[in-house]
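*Asks:* got a structure for you, letters missing:
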């Protein structure tokens, strides 16, 4: 730990910053999601431009060509993220939802094979849990914006809690530099 992390002022600044950021995330989850995707889009655009520029400095024609195409794809994908952040949220959470559904179906298949092999009753806890996972996966795929907002609100609540903990720890330290 460095002196900043151990000092009272450092803990208080960190705590208040976390509380302010967490409260903003709680009050405006859609704006936070759009802003985060926009920042990611700009980073990808800059990476694409840098990859394009580095492709012109390559001595190997094969690697220069590969870098050129990767740079163009990164640049276009970044522009897509910047221009349509909502579409990216939908796309990401629909894919995540279908992945969760497939995980639930796989778990349900394992449960049915175990039931057939051991003669267990049909409604075992694993079957019930698998059915809940499938249902939750369908909810994620069907309502991507609601799930994205929930994730941001959950992260905001965790930031507020962590910030309040840091603030109380900072006030509990007194004026000493531990």
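*Replies:* Thanks, I have it. Here the structure is a predicted model, which means the values were calculated and not measured. Numbering: from 1, shown residues only.
*Asks:* Return the set of buried residues in the helix ranked longest in the chain.
*Replies:* Across the chain, the helix with the greatest residue count (assigned by DSSP state H) is helix 85-118. Across helix 85-118, burial judged by 16 or more other C-beta atoms under 10 Å covers 85, 88-89, 93, 96-97, 100-101, 104, 107-108, 111, 115. Yep, even glycine has a C-beta here, placed from its N, CA and C like the rest.
*Asks:* how far does it sit from the chain's center?
*Replies:* 18 Å (C-alpha atoms, centre = their mean, to the nearest Å).
*Asks:* Check stretch 132-150 too.
*Replies:* 15 Å.
*Asks:* Any buried residues in it, and which?
*Replies:* So for stretch 132-150, counting by 16+ other C-beta under 10 Å, buried means 133, 134, 137, 140, 141, 144, 147, 148, 149.
*Asks:* What is the subsequent helix or strand relative to the helix or strand of the chain with the lowest mean pLDDT?
*Replies:* The helix or strand of the chain with the poorest confidence is helix 3-6; it has a mean of 58 (mean pLDDT, DSSP states H and E). Later in the chain than helix 3-6, the nearest helix or strand by DSSP states H and E is helix 8-27.
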